[in-house]
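> output the structure for:
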Amino acid sequence: MIAKSLMDFDPFRSLTVGFDNMFDALDTIDTDVENYPPYNIEKKGEYYYIVEVAVAGFNKKDIEIEYGNNALTITGSKESKDNDNAEVVHQGIATRSFKRTFSLADDVIVKSANLSDGLLTIDLEKIVPEEKKTRKIEITERKPNLKKVEVLKSKNVA
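Numbers count the residues shown, from 1 in each chain. Below is the predicted model:
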């Protein structure tokens, strides 16, 4: 279920150029999201991100990761055990199905995914062209053009 955004972004649309996709994405954010499974988002350096999702009880075959249309979607579905000899006294490890979607910026790509010790780690990178990266601009001292000064002096003398 997609809930209406909590904020009206229309006034900001008239003040920006080229941000239409961002405002469209913000308008479609689901504000009624479930908190399962828990996750972390870390920023490593200027251009790298790591999404960690706690998926205890799931293995590689139970998890599907899709990346497209500026969205990263992680789906988990665990087959139920039909073991007639076992009786579960307490089940504290949640293995219910889930679907978690993250909206990604246009310039963010998924590099890799790794599952280890119940933690799914997805590496993301923000691709920034060299001309858009922050750089230092050297300040030079402009020297007067002496030839122009000499030409002007010689015209004034005559």
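
> from here on, just use CA atoms for contacts and neighbour counts.
OK.

> what's the separation between the spatially most central residue of the chain and residue 126?
Centroid-nearest residue in the chain: residue 104, 4.0 Å away (criterion: CA atoms, centre = their mean). Using CA to CA, to the nearest Å, one gets 10 Å for the distance from residue 104 to residue 126.

> again, but for residue 107
Distance from residue 107 to residue 126, by CA to CA: 6 Å.

> same check, this time on residue 45
11 Å.

> neighbour-wise, which of those two wins?
Each of residue 45 and residue 126 has its neighbours counted (other CA atoms under 10 Å); residue 126 has more, 16 against 7.

> ok, what's across the strand from the more buried one?
With DSSP bridges applied, the residues forming beta bridges to residue 126 are residue 108.

> OK, contacts around it?
Residue 126 is in contact with 47-48, 107-109, counting by CA atoms under 8 Å, 6 or more residues apart in numbering.

> farthest pair in the residues you listed?
Spatial extent of the contacts of residue 126 (CA to CA) is set by the pair 48 and 107 at 11.6 Å.

> look at the two and report which has more neighbours.
Neighbour totals were compared for residue 48 and residue 107, and residue 48 leads with 16 against 11 (other CA under 10 Å).

> what pLDDT does the model give the more buried one?
Residue 48 is assigned 95 on the pLDDT scale.

> again with residue 102
Taking residue 102 on its own, its pLDDT is 90.
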